[in-house]
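Visitor: here you go, sequence then predicted model.
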Amino acid sequence: MMLIRGRVLSFHADPAEVEDSFIYIENGAVVVDGGRVAVVGEYANLRRDGVEEIDHRPHLILPGFIDPHIHFPQVQVIASWGAQLLDWLRDYTFPEEARFADADHAARMAGAFLDQLLNNGTTTACAFGSVHPGSVDALFTAAESRGMAMLGGKVMMDRNAIPAVQDTAQSSYDDTKALIDRWRGRGRLTYAITPRFAITSTPEQLAAAGALAAEYPDLPVQTHLSENLAEIDYTLSLYPQASDYLDVYDRFGLLGPRSLMGHAIHLSDREIARMAETGTRAIHCPTSNLFLGSGLFDEAGLRKAGVLTGVATDVGGGTSYSMLQTLNESYKVLQLRGQNLPALQAFHWATRGNAIALGMEERIGTLAPGSDADMVVLDARATPAMALRAERIETLAEELFLLQIMGDDRAVVQTYVAGRGMKPG
Ligand code: GUN
Ligand code: ZN
């Protein structure tokens with residue numbers, strides 16, 4: 001048993017929907033037992049003689065950040081110059097992902113990737129691997145040794161790429177099944193069925209992905225949807241029977257509450273209504289959408305239609321591992337759409353909101369008793385510029401907004417995974 005002391009903040013509802021949405025305890029503490037949150041409350045009520053204490057005052061303690069869309073084999077693609085999606089994939093991304101055929105390379109990158117997440121306060125991610133099953137073995141091995149709740153899968157891609165990163169419909173089905181069998185029930189790991197996107201899959205392969213989704217209805221399905229206008233045109237030329245991009249996935253049984261659609265920017269009213277009807281999630285990737293010039297996510301429109309959304313880095317199209325920086329760019333994207341992102345709503349999104357997007361809110365994303373003790377400790381005065389601004393702060397919302405706009409890994413004091421401090425360095 002252990003007591004972690006600080007200013008505790010955890011959401012139990014979306015501040016955009018209801019007023020009573022969070023608990024905030026100024027002189028608070030989280031008691032951790034067996035890797036889980038035992039109780040959250042006033043420090044004075046929870047302290048016990050003989051129980052180890054870690055004092056993080058005056059910093060904030062929140063549930064760890066969750067990143068529901070990120071590419072682990074792109075740690076050396078991030079910051080590749082001058083292209084939009086399809087050229088960027090061809091010129092930088094596919095050649096780099098080809099290197100993950102080498103198990104040693106994959107293992108080194110997996111460790112570096114998870115350390116980047118932990119350095120930034122991210123305790124769970126849903127990751128795309130490369131086409132090689134070994135990339136998932138490397139990721140899950142590294143996650144298991146760190147005790148992290150990690151989701152991921154090998155990308156299924158059998159056309160429109162270099163041969164080094166292509167599989168076949170049959171091999172992608174067989175390899176995915178073998179990975180599911182190998183990793184099921186181990187650690188805190190969840191396999192995600194991962195057809196990369198419609199352009200790199202034949203109809204036979206999307207059918208295989210749909211068959212896997214039907215065989216394993218509890219497993220998430222992750223892919224990309226309507227990120228870029230040229231991508232949409234190309235997709236519709238490859239699938240002429242489909243009424244729109246979403247319909248391609250719909251025809252193969254790939255929609256539903258376990259399905260995560262990265263980007264989901266350029267959508268028709270029909271597609272938005274169908275996403276809401278099927279419970280399909282839309283994942284906003286703001287730094288990537290700006291970097292690749294893809295477009296501006298319609299948060300308010302999706303919310304109004306009843307589509308559940310998450311917010312993610314999408315490294316290496318995304319430009320930062322930091323969920324704080326991701327919320328910063330998200331604020332600016334929504335400004336450009338005449339929408340808004342209040343700080344409380346932003347921090348809910350990156351924690352409980354993303355847990356809901358992944359269907360994991362019973363385990364992570366809040367500090368409710370019984371949930372896994374994954375936490376981030378944040379310092380709103382982490383840099384001289386932040387400290388200067390913080391002198392004029394009076395409310396929790398103002399402090400969170402400063403973290404959202406100016407924060408990054410320097411504002412992350414500690415990252416707890418199942419109660420263990422894991423911030424590198
Ligand atoms: N669409 C298909 N693959 C990718 C990828 O790796 N990154 C992004 N941003 N979009 C994709
Ligand atoms: Zn992506």
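Guide: Great, that's in hand. Residues are numbered from 1 along each chain as shown. Ligands and ions are numbered 1, 2, ... in the order given.

Visitor: could you use CA atoms for every contact and neighbour count after this?
Guide: OK.

Visitor: which residues touch the residue of the stretch 251-400 of the chain found nearest ligand 1?
Guide: In the stretch 251-400 of the chain, the residue that lies nearest ligand 1 is residue 317 (4.8 Å; C-alpha to the nearest ligand atom). Residue 317 makes contacts with 77-79, 287-289, 291-292, as judged by C-alpha atoms under 8 Å, 6 or more residues apart in numbering.

Visitor: let's see it at 10 Å
Guide: Each residue near residue 317 by C-alpha atoms under 10 Å, 6 or more residues apart in numbering is listed here: 70-71, 74-75, 77-80, 84-85, 88-89, 93, 285-292.

Visitor: equivalent analysis for residue 189, please.
Guide: By C-alpha under 10 Å, 6+ apart, the residues touching residue 189 are 124, 139-141, 143-144, 147-152, 183.

Visitor: restricted to buried residues, select those residues in PyMOL.
Guide: Applied in PyMOL, the following selects the buried portion of these according to 16 or more other C-alpha atoms under 10 Å:
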select buried, resi 124+139+140+141+143+144+147+148+149+150+151+152+183
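
Visitor: among the contacts of residue 189, which lie within helices?
Guide: Within these, residues falling in helices by DSSP state H are 139-141, 143-144, 183.

Visitor: tell me the one among the residues you listed nearest to ligand 1.
Guide: Once C-alpha to the nearest ligand atom is applied, the member of these that ends up nearest ligand 1 is residue 139, at 16.5 Å.

Visitor: spatially nearest residue to that closest one (excluding sequence neighbours)?
Guide: Beyond its immediate neighbours in the sequence, the residue positioned closest to residue 139 (C-alpha to C-alpha, 6 or more residues apart in numbering) is residue 110, lying 5.1 Å away.

Visitor: close to ligand 1: what parts of the stretch 201-350 of the chain are there?
Guide: Listed as neighbours of ligand 1 in the stretch 201-350 of the chain under the rule C-alpha under 6 Å from any ligand atom: 224, 317.

Visitor: strands of the stretch 201-350 of the chain, start to end?
Guide: 221-225, 259-263, 281-284, 309-311 (DSSP state E, counting those that start in this stretch).

Visitor: give me the contacts around the last one.
Guide: By that I understand strand 309-311. Residues beyond strand 309-311 that count as contacts (C-alpha under 10 Å, 6+ apart) turn out to be 66-69, 260-264, 280-286, 299, 302-303, 323, 326-327, 330, 346, 349-358.

Visitor: pull up the pairing partners for it, direction included.
Guide: When pairs are called by DSSP bridges, strand 309-311 turns out to pair with strand 281-284 (parallel).

Visitor: may I see the buried residues of the strand it pairs with?
Guide: Judged by neighbour count using 16+ other C-alpha under 10 Å, the buried positions of strand 281-284 are 281-284.

Visitor: ok, the nearest residue to residue 393 once chain neighbours are set aside - how many residues close by?
Guide: Taking C-alpha to C-alpha, 6+ apart as the measure, residue 393 lies nearest to residue 399, with 6.4 Å between them; neighbours along the chain are not counted. Using other C-alpha atoms under 10 Å, the number of residues around residue 399 comes to 20.

Visitor: so what does the helix or strand harbouring residue 399 touch, helix or strand wise?
Guide: Following DSSP states H and E, the helix or strand that holds residue 399 is helix 396-406. If you count contacts as 3 or more C-alpha pairs under 10 Å, 6 or more residues apart in numbering; DSSP states H and E, helix 396-406 packs onto strand 52-63, helix 323-336, helix 343-348, helix 384-390.

Visitor: again, only this time at 8 Å
Guide: Judged by 3 or more C-alpha pairs under 8 Å, 6 or more residues apart in numbering; DSSP states H and E, helix 396-406 is in contact with helix 323-336, helix 343-348, helix 384-390.

Visitor: who's in contact with it?
Guide: 324-325, 327-328, 342-344, 346-347, 379-380, 386, 389-390, 393, 411.

Visitor: and what of stretch 262-270?
Guide: For stretch 262-270, contacts defined as C-alpha under 8 Å, 6+ apart pick out 69, 222-229, 282-285, 289, 295-298.
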